[in-house]
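Peer 1: Sequence and predicted model, in that order:
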Amino acid sequence: MVMTRRMVLGACVAGMSARAIGASGPAWGQAAEKPFMKVEFAFSGQVFTATLLDNPSARDFASMLPLTLEIDDYSTNEKIAYLPRKLTEAGSGAFGNEAPGDLAYYAPWGNLVFYHAGYHYSRGLIRLGRLDGGIKPLLTRGQFPLTATARR
């Protein structure tokens, strides 16, 4: 079967729509991105989990758990929380398949980034994982205490 440009574009739009509405589970699609562990986050009555990737930065983040941080809105597409120390940047590099629900680390500032709307990779950004149940918890606006604990 020969795929036309329209068919490819349609498939891309359909895939993006599924992720944009908060499809659950990892949907990274890159062979190097394998699940590592789950983390439970809680703030303002919102409790949700994320699946961390098996990469040096995500493992470094996991070694810090449990944590109590502050989460706050940043820009129009993300919430952020500053970590008590910087994470390793070993193994960082450009990635694709950016989608709402991604959990990342922004190395220049030393903060976690929880994306609730579209974004594009930028230098210094390291993907740590993905929210498991969609982005709804991140739509609660404001600054709140945030807890992060390893989930068994």
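Peer 2: Everything's here; your move. Numbers count the residues shown, from 1 in each chain.

Peer 1: Let's check: the centremost residue of this protein is which one?
Peer 2: Leu103 (1.4 Å; Cα atoms, centre = their mean).

Peer 1: these two touch, right, it and Phe114?
Peer 2: Yes. In this structure, Leu103 is within contact of Phe114 by Cβ atoms under 8 Å, at 5.9 Å. (C-beta placed from N, C-alpha, C; glycine too.)

Peer 1: which residues are in contact with both of the two?
Peer 2: Leu131 (Cβ atoms under 8 Å, 6 or more residues apart in numbering).

Peer 1: hmm, back to that, need the contact list for the residue nearest to the centre of the chain.
Peer 2: Counting by Cβ under 8 Å, 6+ apart, the residues that Leu103 touches are 50, 52, 112-115, 127-131.

Peer 1: and what of Val39?
Peer 2: Residues near Val39 by Cβ under 8 Å, 6+ apart: 49-50, 52, 62, 65, 129, 148-151.

Peer 1: rerun that using 7 Å as the cut-off
Peer 2: 49-50, 52, 65, 148-151 (Cβ atoms under 7 Å, 6 or more residues apart in numbering).

Peer 1: Am I right that it is in a helix?
Peer 2: No. Read with DSSP: H, G, I helix; E, B strand; the rest coil, Val39 is strand and lies in no helix.

Peer 1: Please report the distance of it from Ala94.
Peer 2: As judged by Cβ to Cβ, to the nearest Å, Val39 and Ala94 stand 24 Å apart.
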